[in-house]
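In: Following is a predicted model, sequence given first.
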Amino acid sequence: MAEPRLRALLNSRLFLGCVLLLVAGGLGLRPAAARLAQRYAKQPIALRKSLAEFDISGLRSFQPASPRNALPGPNQDMGTAEHTWVAFERRPPVVSEAVGLLVTYYSDPRDKVPHTPEVCYRQGGTIVNGVSDSVVEIPGWPPAAGGVPVRAVDLQQPAKRGISVYVFCANGQFCRDRLWVRWI
Amino acid sequence: MQAEAAVAVLPPARAAPQSGRIVAARVAILLVVLGWAFRPEVRGFFKTWTTASDWAHGLVLPLAIFLLVLRRWAALAAAVRRGSIWGIVLLLAALLVYGLCYWPFTFAYPRELALTVAAAGVILATCGWRVLKLCVPMLLLLLLSTPIGSRMYASLIIRPETATLALTHRTLDALPSVDVTLTGPDLDFRRGGARGTVALGESRRGAALLITYVFIGVFVAFARIRPAWQIVALAVAAVPVALFCNLLRLIGRGLITIYVEPDPLASWPRSVAAAGSLLLAYLLFAGGARFLSGLVQPAGAAEDTDDALEPEQAGAEGVADG
């Protein structure tokens, strides 16, 4: 009795094809992807100069932030030992708010693209008032280069408001989008 | 001799239609194997459904799908046809995307979405295009239960959350003898001698349960087989209704906090506001669906069979399968 039913059940090439595909996928896809990832893993590039050696005094119009303008640096694990934080302001007689510069460098092939401020700060309760794209022109660059594409995030916390501007650099190319930078 | 000649003239008898039980058994087996093939993703779904309130509606997904299948059982049985080779193509495409999202790309969300596409491929390969069309609601519910990554989700809800907080601030501030200020994400209020903060410490207080509201809308819309125009109307209304219910959720939370003054860390205000907003979403969608159904004249009920086949009609078209 069971045999005719079983034969009827299996009497469909499409059904059997689906079963084969799913079993093959379930057994083989992930191990194959892991082997390929291992074989084609990127190798870290040796640093020529550590970020710890970054010297703000090279910026002629700026100086380290004064104590009244002190900006606290990030207090979370960056996921890399190569990072630097500098708070600076315009040199006198110009009076300005302080600007914080955070630079992080990731070279471990297992590293993910870092969080961006509109996500990171939001999760801590900050309100994102707006996100906009812009281009920072670099004096001395050829016009064809077009400048550095950046993304600006208007952040609102209970006691203060600020702008965070960020950009990624991968394989020598600048990119402002966290998803697109994966393709570089 | 005459009888044999008559038999020779007649066309050969058509193949018997495939048994509904055989087809149902095939689909059940394939769905189990599908769940096994995508087991890391399925495990991840369950973990998110049980830990994140925004995705808890995934826990009722099996029940919702069961109810929709039950409602359409006759239509599904009548719509079964020969499976389509395009189902295999769809399944292959889903597995390809799945594999590529392991290497060289590490995109989790497309990998999870591949499960829904693979399920569609399985249904198409087993039962044909008409059944796939009838199963679109179930696949939609599965899609809406697929958790979106926290970073992607955060970027999607930035603007709705900002607008909701601003509107809630204006509404609560308009209450007599209540002063409300919005500083960042904090809605601080003062009423007489009492002070406090609405939804103190919650990270997504301005936008919660949005996908759940849409899930409810899809379920209500497809709980009955309806004409396509009603589905489109409900789909257009889904996002505004979800945003509206979210706004009322936060306003409700604010009213509870201001007038009842619960313990700042108590969880019941959040639960009450959420439950109330979910009920409101259901009532709005159900009311809208009822209103749209009432617009159709009784004679227009023939439109309702767009998605269903009368059994006699199915028999006349003939069903064949290998």
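Out: Here it is on my side, so go on.
In: so how far is the first residue of stretch B:136-155 from its last?
Out: 27 Å (Cα to Cα, to the nearest Å).
In: does that stretch come close to chain A?
Out: Yes. For a cut-off given as Cβ under 8 Å from any Cβ of the partner chain, stretch B:136-155 has contacts with chain A, namely B:150-151, B:154-155. Backbone N, C-alpha and C define where each C-beta goes, glycine included.
In: Outside of that stretch itself, list whatever touches it.
Out: The contact list for stretch B:136-155, computed with Cβ atoms under 8 Å, 6 or more residues apart in numbering or on different chains, reads A:115-116, A:118-119, A:122-123, A:178, B:44-45, B:48-49, B:52, B:54-55, B:57-58, B:61, B:64-65, B:68-69, B:108-109, B:112-113, B:115-116, B:119-120, B:156, B:204, B:211, B:214-215, B:218-219, B:221-222.
In: elements contacting the helix or strand of chain A with the lowest mean pLDDT?
Out: When the helices and strands of chain A are scored by mean pLDDT, DSSP states H and E, helix A:117-123 comes last with a mean of 77. In terms of contacts (3 or more Cβ pairs under 8 Å, 6 or more residues apart in numbering or on different chains; DSSP states H and E), helix A:117-123 is packed against strand A:127-136, strand A:148-156, strand A:161-166, helix B:150-173.
In: next SSE after the biggest helix by length in chain B?
Out: Longest helix in chain B by number of residues (criterion: DSSP state H): helix B:228-260. As assigned by DSSP states H and E, the chain's next helix or strand after helix B:228-260 is helix B:268-295.
In: List the buried residues for that following helix?
Out: Residues of helix B:268-295 classed as buried by neighbour count (16 or more other Cβ atoms under 10 Å in any protein chain shown): B:269-270, B:272-274, B:276-278, B:280-282, B:284-286, B:288-289, B:292.
In: Please apply the same query to stretch B:133-145.
Out: Using 16+ other Cβ under 10 Å as the test for burial, stretch B:133-145 gives B:134-135, B:137-145.
In: Then stretch B:172-181?
Out: B:172, B:178, B:180.
In: I'd like the average pLDDT over it.
Out: Average pLDDT, stretch B:172-181: 93.
In: end to end, how far does it reach?
Out: 9 Å.
In: what about it, distance to the chain center?
Out: How far stretch B:172-181 lies from its chain's middle: 37 Å, per Cα atoms, centre = their mean, to the nearest Å.
In: contacting residues around it?
Out: Applying Cβ under 8 Å, 6+ apart, the set of residues contacting stretch B:172-181 from outside is B:169, B:187-192, B:198, B:251, B:254-255, B:258.
In: Please apply the same query to stretch A:167-175.
Out: A:113, A:148-151, A:176-178, A:181, A:184.
In: what's the distance between the most centrally placed residue in chain B and residue A:111?
Out: By Cα atoms, centre = their mean, the mean C-alpha position of chain B lies nearest to residue B:141, the distance being 2.7 Å. To residue A:111, residue B:141 is 36 Å away according to Cβ to Cβ, to the nearest Å.
In: same check, this time on residue B:103
Out: Where residue A:111 is concerned, residue B:103 sits at a distance of 16 Å (Cβ to Cβ).
In: Between these two, point out the one with more neighbours.
Out: More crowded of residue B:103 and residue A:111, by other Cβ atoms under 10 Å in any protein chain shown: residue B:103, with 18 against 14.
In: Just the element for the more buried one, please.
Out: Here residue B:103 is assigned to no helix or strand, by DSSP H and E.
In: how many other residues sit next to the closest residue to it other than its chain neighbours?
Out: Nearest residue to residue B:103, sequence neighbours excluded (Cβ to Cβ, 6 or more residues apart in numbering or on different chains): residue A:33, at 4.0 Å. With neighbours defined by other Cβ under 10 Å, the count for residue A:33 comes to 18.
In: Can you name the helix or strand that residue A:33 falls in?
Out: helix A:13-39.
In: helices or strands up against that helix?
Out: Under the contact definition 3+ Cβ pairs under 8 Å, 6+ apart, helix A:13-39 sits against helix B:20-37, helix B:85-100, helix B:108-127.
In: For residue B:79, which of the ones you listed is the nearest?
Out: With distances scored as Cβ to Cβ, the stretch of the helices and strands packed on helix A:13-39 nearest to residue B:79 is helix B:108-127 (7.6 Å).
In: is the closest one anywhere near chain A?
Out: Yes. Helix B:108-127 lies within reach of chain A by Cβ under 8 Å from any Cβ, at B:118, B:121-122, B:125-126.
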